[in-house]
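**Student:** Can you look at this prediction? I've put the sequence above it.
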Amino acid sequence: MKTALTIAGSDSSGGAGIQADIKTMTANGVYAMSAITALTAQNTTGVTGIFEATPEFLAQEIDAIFTDIYPDAVKIGMVSSAELIGVIAEKLHTYGAKHIVVDPVMVATSGSKLLRDDAVQALTEKLLPMAEVVTPNIPEAEILSGMKITDAAGMEVAAQRISEKYHCAVLCKGGHQINDADDLLWRNGCGKWFRGRRIDNPNTHGTGCTLSSAIASNLAKGYDLDASVERAKAYISGCLSAMLDLGHGSGPMNHMFALKGEFVGE
């Protein structure tokens, strides 16, 4: 069995963060491991508290994983301080980590800010250049590219800027009133659109975490980046189409929509 590591924050409500990543990796057939950067007190309506791991403890978590069950891919999600980002970059470099997917989590679906200003600089200087692919949504792509995005052409310009500046592939995710569900993969100087169908589901908590984890899972299994993105988009469409409805805000998706077997039940 192939293995994948998620380095991210814990979501106490289970729809995003470490919990979404583990569900996604499991549903996509890889063995999931985690290094937790922070505990969050959150639910579908917002984040009410963040308790960070110390840099020393995060280093121990990563050491414990790489020295025993070496991951075939690494997904990095919410890391809210420059010190923690520094630890992650150092450890991944030391262990020669491969297939690194960075989801630059800056703002939660609920609108809560998750990344301190000093951490943005550390993220762009230390982690993005190590990434095989970075997966910003429109607001995150605007921050990373330093420009406003109002249409598909703007997505192409922003993705090109980010890719050239940080020397990594960029999957610029649609939505946010720009388009329905079309994502743009930019790498090696050219772009490729991945068309998606808009699913009328208001419960989108954890979509970014889920997509990046699905991409990492498929990279771990040996698929190339194009196929990994295609498969990840198909998986997230299934999660949304299941129309799970939990909580009072933007609820979680059904990560296990395709799970069948005697232990699942009705």
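**Tutor:** In hand now; what should we look at?
**Student:** who's in contact with the worst-scoring helix or strand of the chain on mean pLDDT?
**Tutor:** In the chain, no helix or strand scores lower on mean pLDDT, DSSP states H and E than helix 117-122, which sits at a mean of 86. Helix 117-122 is contacted by residues 79-82, 84-86, 106, 143 when judged by Cβ atoms under 8 Å, 6 or more residues apart in numbering. (Each C-beta comes from the backbone N, C-alpha and C, glycine too.)
**Student:** Would you mark the buried spots in it?
**Tutor:** 119-120, 122 (16 or more other Cβ atoms under 10 Å).
**Student:** would a markdown table of those with distance to A131 be doable?
**Tutor:** A markdown table is the format used below for those (distance: Cβ to Cβ, whole Å):
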| residue | distance to A131 |
| --- | --- |
| A119 | 16 |
| V120 | 15 |
| A122 | 14 |
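**Student:** which among the residues you listed gets closest to P136?
**Tutor:** Distance to P136 across the buried residues of helix 117-122 (Cβ to Cβ) is lowest for V120, with 11.9 Å.
**Student:** So the closest one versus Y31, what's the distance?
**Tutor:** Counting by Cβ to Cβ, to the nearest Å, the separation of V120 from Y31 is 32 Å.
**Student:** go on, V134?
**Tutor:** Look at V134 and Y31: by Cβ to Cβ, they are 24 Å apart.
**Student:** the more surrounded of those two?
**Tutor:** Taking neighbours as other Cβ atoms under 10 Å, V134 and Y31 compare with V134 leading, 30 against 16.
**Student:** Would you confirm that that one contacts C172?
**Tutor:** No: using Cβ atoms under 8 Å, V134 is not in contact with C172; the gap is 9.2 Å.
**Student:** Find residues that contact each of those two.
**Tutor:** I162.
**Student:** Mind jotting down where the helices sit in this structure?
**Tutor:** 17-27, 55-66, 82-95, 117-122, 138-145, 152-166, 207-220, 225-241 (DSSP state H).
**Student:** Might you report the residue contacts of G146?
**Tutor:** Counted by Cβ under 8 Å, 6+ apart, G146 has contacts R161.
**Student:** let me fix that: L127
**Tutor:** 76, 79, 85, 88-89, 102.
**Student:** swap in G222?
**Tutor:** K2.
**Student:** Count residues in the vicinity of R161, would you?
**Tutor:** 17.
**Student:** how close does it get to K126?
**Tutor:** Taken as Cβ to Cβ, the span from R161 to K126 is 19 Å.
**Student:** Show me what counts as buried in stretch 49-56.
**Tutor:** Buried-residue list, stretch 49-56, by 16+ other Cβ under 10 Å: 50, 52-53, 55.
**Student:** can I have that stretch written out in PDB, keeping just the CAs?
**Tutor:** Only the C-alpha atoms of stretch 49-56 are listed here, as PDB (Å, rounded to 0.1, in the frame of the first residue of the first chain):
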ATOM      1  CA  GLY A  49      -9.700  29.100  18.600                       C
ATOM      2  CA  ILE A  50      -6.300  28.000  17.400                       C
ATOM      3  CA  PHE A  51      -3.700  26.300  19.600                       C
ATOM      4  CA  GLU A  52      -0.400  25.800  17.700                       C
ATOM      5  CA  ALA A  53       2.000  23.000  18.100                       C
ATOM      6  CA  THR A  54       5.500  24.100  19.100                       C
ATOM      7  CA  PRO A  55       8.200  24.000  16.400                       C
ATOM      8  CA  GLU A  56      10.000  21.400  18.500                       C
END
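**Student:** next one: that stretch to chain centre, how far?
**Tutor:** Centre-to-centre, stretch 49-56 and its host chain are 19 Å apart (Cα atoms, centre = their mean, to the nearest Å).
**Student:** which other residues reach it?
**Tutor:** 9, 36-42, 61, 80-81, 83-84, 86-87, 114.
**Student:** Which one (most neighbours) among the residues you listed?
**Tutor:** T37 (30 neighbours).
**Student:** and T26, what is it in contact with?
**Tutor:** Contacts of T26 (Cβ under 8 Å, 6+ apart): A32.
**Student:** For L225, see how far away it is.
**Tutor:** Where L225 is concerned, T26 sits at a distance of 22 Å (Cβ to Cβ).
**Student:** so what secondary structure elements neighbour the top strand by length along the chain?
**Tutor:** When the chain is parsed with DSSP state E, its longest strand is strand 31-43. If you count contacts as 3 or more Cβ pairs under 8 Å, 6 or more residues apart in numbering; DSSP states H and E, strand 31-43 packs onto strand 3-11, helix 17-27, strand 46-52, helix 55-66.
**Student:** Before I go, just wanted to say thanks for your time.
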